[in-house]
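**Student:** 3D, please:
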Amino acid sequence: MAQTIRVSLPGYNALTDNNPDHFALYADQDWVLIKEKERNQIYVNNSTQTISHGLGYPPFYMAYAYNVGYGKYIWCYGANFNNFIQTYSDNNYLYFKVINNSSTFYYYIFYDNI
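**Tutor:** Numbers count the residues shown, from 1 in each chain. Reported below is the predicted structural model:
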């Protein structure tokens, strides 16, 4: 058998299971499985906006917000830019919060349960 890397999801055996849906990382072929659920953007103006992810657990996600002071997008996690911009998640939603300002967020939601 050729060398490979597999990381199974909880409850599955990486040595015997062959269903790629049961893995967080499955590199048996010439591809690596990245389980992205959704990617999009949202504009938030001095409020909190939500995106329903429908996964039933807090997923791994990445969010970037435009910072006028830097003139570029900055990775968001928790509270950023002196707490003016915040991102967080729960079992049902991703939250994007902007205080006394506005920003466009680009976000990526993955199936991984964190």
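**Student:** okay, CA-based contacts and neighbour counts for the rest of this
**Tutor:** OK.
**Student:** residues contacting the spatially closest residue to N83 that is not a sequence neighbour?
**Tutor:** Here the nearest residue to N83 in space, its sequence neighbours aside, is I99; by Cα to Cα, 6 or more residues apart in numbering that works out to 7.9 Å. Contacts for I99 (Cα atoms under 8 Å, 6 or more residues apart in numbering) come out as 46-47, 83-85.
**Student:** 7 Å instead?
**Tutor:** When the contact criterion is Cα atoms under 7 Å, 6 or more residues apart in numbering, the partners of I99 are 46-47, 84-85.
**Student:** and Y108, what is it in contact with?
**Tutor:** Residues counted as contacts of Y108 (Cα under 7 Å, 6+ apart) are 38-40, 61-63.
**Student:** what about C76, distance to V44?
**Tutor:** Plainly put, C76 is 14 Å away from V44 if you go by Cα to Cα, to the nearest Å.
**Student:** cool, and N19?
**Tutor:** If you go by Cα to Cα, the gap between N19 and V44 works out to 39 Å.
**Student:** For these two, work out which one has more neighbours and name it.
**Tutor:** Between N19 and V44, V44 has the larger neighbour count (other Cα atoms under 10 Å), namely 20 against 11.
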